[in-house]
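Colleague: below are the sequence and a predicted model; questions follow.
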Amino acid sequence: MDGLSPITADIGCKPVQEMVKDGDEMPDEYVCKDFHYGTIDDDVPVIDIPVVDLKVLTSSSACGREELGKLRSALSSSGYFQAINSGIEESLVDEVRKVSRQFFDLSMEEKQKYGRAPDNTEGYGNDMVLSENVLPENQTLDWTDRLYLLVHPEDERKLKYWPENPKSFRVILEEYSNRLKLIAEELLWSTARSMNLPDDRFLRLYGDRPVMYARFSFYPPCPRPKLVHGLKPHADGSAITILLQDKEVGGLQILKDDKWYRVPIMPYALLVNIGDQVEIMSNGLLKSPVL
């Protein structure tokens with residue numbers, strides 16, 4: 001769920017997937033100007049991430065209360081956890097990964113049918129520069145192509161950006177986003193309960209029409225990987241982020257105690273982290289992590 005309206009500027013660049021395909025030289029806009037933001041070296045340690053069982057979390061039993069304690073501990077100490085037993089079938093998770101890869105495997109001509117407009121964040125392409133103070137030409141772009149879509153409220157969807165190829169994309173995204181919306185709501189309720197607050201303490205602040213986006217990211221191999229970031233270090237400005245990692249390829253890192261750690265892959269778990277909005281709503285008791 002997201003409520004940000006950042007100041008944006010546009011830099012028109014060829015999709016990185018096409019640069020790799022065509023053997024282009026890497027443009028200067030992608031070269032990192034600062035090298036203290038993590039590393040791709042294999043010796044980066046793997047972090048031990050808390051695991052929360054969502055099926056147990058909603059129980060009124062002693063086990064449920066114990067799981068609430070684990071949720072509170074995770075969010076107050078680090079701001080993230082791996083969610084298991086979400087109720088989303090593994091077959092649906094596999095389909096999400098499948099249609100995502102199928103979309104990025106389409107021809108550039110086909111993908112550009114859903115390309116974002118210069119003044120809009122939604123659609124296919126690279127990210128707009130988000131900054132209030134730094135000129136766009138002085139920004140560093142992420143080495144990634146993405147498809148970014150508003151999924152809720154339903155009547156605000158811009159379906160012209162929703163791919164019709166692969167044919168099952170829209171149906172899969174509809175089902176998956178509806179399931180994630182319910183999970184996000186339950187997590188916000190549970191977070192409030194874990195703090196001995198009214199169940200709707202966080203959720204009601206978003207009104208009857210909370211905003212939710214879906215982002216599909218593709219990180220093609222880079223010819224000079226130590227000079228780029230797939231995604232720059234950041235804290236999410238939203239209320240809550242639910243991330244489905246690649247089933248086999250890692251790369252995500254989390255900052256803890258000023259040190260970067262690799263996030264382990266749990267193929268059918270959902271990596272959950274709270275964002276700045278919930279940290280603010282909790283008066284800093286809950287932490288919005290840097291990833």
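Modeller: It's in. What you see is a predicted model; the values in this text were computed from it and never measured.

Colleague: in the stretch 1-150 of the chain, which ranges drop under the pLDDT threshold?
Modeller: Within the stretch 1-150 of the chain, the stretches with pLDDT under 70 are 1-12, 34-42, 128-138.

Colleague: buried stuff in stretch 109-128?
Modeller: Buried residues in stretch 109-128, counted by 16 or more other C-beta atoms under 10 Å: K111, Y114, R116, T121, E122, G123, Y124, G125, N126, D127, M128. Quick note: C-beta positions are derived from backbone N, CA and C, even for glycine.

Colleague: please tell me how far the fifth one sits from P50.
Modeller: The span separating E122 from P50 equals 33 Å under the rule C-beta to C-beta, to the nearest Å.

Colleague: follow-up on the earlier one: now the buried residues of stretch 109-128 in JSON lines, with secondary structure and distance to S86?
Modeller: Shown next, in JSON lines, are the buried residues of stretch 109-128 (DSSP: H, G, I helix; E, B strand; the rest coil; distance: C-beta to C-beta, whole Å):
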{"residue": "K111", "secondary structure": "helix", "distance to S86": "30"}
{"residue": "Y114", "secondary structure": "helix", "distance to S86": "28"}
{"residue": "R116", "secondary structure": "coil", "distance to S86": "30"}
{"residue": "T121", "secondary structure": "coil", "distance to S86": "27"}
{"residue": "E122", "secondary structure": "coil", "distance to S86": "26"}
{"residue": "G123", "secondary structure": "strand", "distance to S86": "28"}
{"residue": "Y124", "secondary structure": "strand", "distance to S86": "27"}
{"residue": "G125", "secondary structure": "strand", "distance to S86": "30"}
{"residue": "N126", "secondary structure": "coil", "distance to S86": "30"}
{"residue": "D127", "secondary structure": "coil", "distance to S86": "28"}
{"residue": "M128", "secondary structure": "coil", "distance to S86": "31"}
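
Colleague: among the residues you listed, which one lies nearest to P220?
Modeller: N126 (12.0 Å; C-beta to C-beta).

Colleague: ok, that closest one - contacts?
Modeller: Contact analysis of N126 by C-beta atoms under 8 Å, 6 or more residues apart in numbering lists I11, C13, P15, V16, L141, D142, T144, D145, R146.

Colleague: may I ask which of those has the most neighbours?
Modeller: Within the contacts of N126, V16 tops the neighbour count with 25 neighbours, counted by other C-beta atoms under 10 Å.

Colleague: what's around Y261, how many residues?
Modeller: With other C-beta under 10 Å as criterion, Y261 counts 18.

Colleague: can you pull out the helices in the stretch 51-200 of the chain?
Modeller: Counting by DSSP state H, counting those that start in this stretch, one finds helices in the stretch 51-200 of the chain at the ranges 54-57, 62-77, 90-104, 108-111, 169-194.

Colleague: which residues are contacting the third one?
Modeller: Judged by C-beta under 8 Å, 6+ apart, the contacts made with helix 90-104 from elsewhere in the structure are 17, 111, 145, 147, 163, 165-166, 168-169, 172-173, 175-176, 179, 216, 218, 244, 246-247, 268.

Colleague: okay, angle between that helix and helix 169-194 too, please.
Modeller: Note on geometry: by axes from the mean of the first three to the mean of the last three C-alpha atoms, to 10 degrees, helix 90-104 and helix 169-194 are set 130 degrees apart in direction.

Colleague: buried sites along helix 90-104?
Modeller: So helix 90-104, judged by 16+ other C-beta under 10 Å, has buried residues V93, E95, V96, R97, V99, S100, F103, F104.

Colleague: do the same with the last one
Modeller: The neighbour-count check on helix 169-194 (16+ other C-beta under 10 Å) flags 169, 172-173, 175-177, 180-181, 183-194 as buried.

Colleague: model confidence over the helix or strand that it is followed by, on average?
Modeller: Toward the C-terminus, helix 169-194 is succeeded by strand 212-218 as the next helix or strand (DSSP states H and E). Average pLDDT, strand 212-218: 98.
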